[in-house]
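Enquirer: next comes the sequence, and after it the predicted model I'd like to discuss.
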Amino acid sequence: MYIQAAAGISPQRSFEAILMQPECYTGNRLTCCEPDYAQLIDPRMIRRMSRIIKMGVAAAKECLQKAGWEMPDAIITGTAYGCLADTELFLSKMVENKEELLTPTAFIQSTHNTVGAQIALLLKCHNYNNTFVHRGFSFESALLDAVTLIKEEEISTALVGGVDEITPVSHAILSRFGLYRKDDTGSAALLDVPGKGTMAGEGALFFALSDHPSGNDYAKLDNVYTFYKPADIAEVKDHIVSFLQRNELQAQDIDLVISGENGDVSNDAVYTALKIGVWNTVPAVSFKQLCGEYPTAAGFALWLAVHILHTGKVPGLTPATRPRRVLIYNHYQHIHHSIYLLTAC
């Protein structure tokens, strides 16, 4: 698959140049740097959109503009949390009004497929539209659906995105499970000071996929692979080595690895083992100190890889040569594991 464009809204200034001076955060939550939505969306529409819908629609429209597309053959999104702010609003009103005189707007906009539907409405697109809600595999499921449809020649282009937000209420609930740091480590030192917990994140990342080269593609997506609940680190290693072998590669053929360390000691143990046992000679960078931890964070990693291959610049690293082949490995809560392989065009 050829990635003709990539755009996103994240805790970094993703609409601007590649991240050479990343934004730094304190506390245990990273929130998105949002653009001027009026430049991308009709101001009359903005008033009726929640924050996550604005983020998703703006990222999708920016991606389409970069690709030079007017209408994709499919719009496919992945989200684990859906539109949390609208869900919270509806539930709060239901309690406050004792389940009487409820406005349906918040409920209608709280469904997980709202972002994809809003994009289609603005484009007047009646083509294939699907949203996957598969927890830590939500974005990967959307991507694999697009690849399958393109390979089966059902479509030739697809707009694929991963969208998730964090709100004060959801952050407080998830904090009870010990997922986030209780100290003030901050994003700059998140990986340098291992501890229990990480930093919450959010983002809306979209990609323009096509089955044919345009001559100005950002990167080529060679393969995507997922596996579920491996028994131990040895099984993870086996999956990665087998993945490379199926693509007729060895670890030394990779120019750069992007991995999903998030500062939590338990979470990062597998990445440490892989750096020693699999890609010990390969330059590696992490990405969750830039976007935080959330179920569709792999979308940010893919956005980062695409821009690295397109520009040759690697945030936080000066490679000896321009990367031509990038491997992404990420897992979410030791349950959902994904591997991506990309090459430069």
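Expert: Structure's in. What do you need?
Enquirer: whichever strand or helix holds residue 338: partners in the sheet, and parallel or antiparallel?
Expert: Here residue 338 sits within strand 336-343, counting by DSSP states H and E. If you go by DSSP bridges, strand 336-343 pairs up with strand 219-228 (antiparallel), strand 325-332 (antiparallel).
Enquirer: dump these into CSV; add mean neighbour count and mean pLDDT as well.
Expert: C-beta here means a position set from N, CA and C on the backbone, and glycine is covered the same way. Listed next are these as CSV, based on neighbours: other CB atoms under 10 Å; pLDDT from 0 to 100:
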stretch, mean neighbour count, mean pLDDT
strand 219-228, 18, 98
strand 325-332, 23, 98
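Enquirer: need the ones you listed in TSV (columns: distance to residue 185).
Expert: Output for these, formatted as TSV (distance: least, CB to CB, whole Å):
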stretch	distance to residue 185
strand 219-228	30
strand 325-332	20
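Enquirer: to residue 122, which of the ones you listed lies closest?
Expert: Among those, the nearest to residue 122 by CB to CB is strand 219-228 (26.0 Å).
Enquirer: contacts for the closest one next, please.
Expert: For strand 219-228, the external contacting residues (CB atoms under 8 Å, 6 or more residues apart in numbering) are 1-3, 137, 140, 143-144, 147, 209, 239, 243, 246-247, 305-306, 309-310, 326, 335-345.
Enquirer: could I get it in PDB with only the CA atoms?
Expert: Taking Å, rounded to 0.1, in the frame of the first residue of the first chain, the C-alpha atoms of strand 219-228 are listed here in PDB:
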ATOM      1  CA  ALA A 219       6.000   6.000   2.300                       C
ATOM      2  CA  LYS A 220       5.100   2.400   1.300                       C
ATOM      3  CA  LEU A 221       3.300   0.200   3.900                       C
ATOM      4  CA  ASP A 222       4.700  -3.200   3.300                       C
ATOM      5  CA  ASN A 223       3.000  -5.200   6.000                       C
ATOM      6  CA  VAL A 224       0.900  -5.000   9.200                       C
ATOM      7  CA  TYR A 225       0.700  -7.900  11.700                       C
ATOM      8  CA  THR A 226      -1.100  -8.200  15.000                       C
ATOM      9  CA  PHE A 227      -1.000 -10.900  17.800                       C
ATOM     10  CA  TYR A 228      -2.900 -11.200  21.000                       C
END
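Enquirer: for the helix or strand harbouring residue 117, packing partners?
Expert: Using DSSP H and E, residue 117 sits in helix 114-123. In this structure, helix 114-123 packs against helix 51-67, strand 74-78, strand 128-132, strand 157-164, with contacts taken as 3 or more CB pairs under 8 Å, 6 or more residues apart in numbering; DSSP states H and E.
Enquirer: by mean pLDDT, which helix or strand of the chain comes out lowest?
Expert: helix 105-108 (a mean of 80; mean pLDDT, DSSP states H and E).
Enquirer: buried residues in that one?
Expert: By 16 or more other CB atoms under 10 Å, the buried positions in helix 105-108 come out as 106-107.
Enquirer: gap between that helix and the chain center?
Expert: 25 Å (CA atoms, centre = their mean, to the nearest Å).
Enquirer: before I go, just wanted to say thanks for your time.
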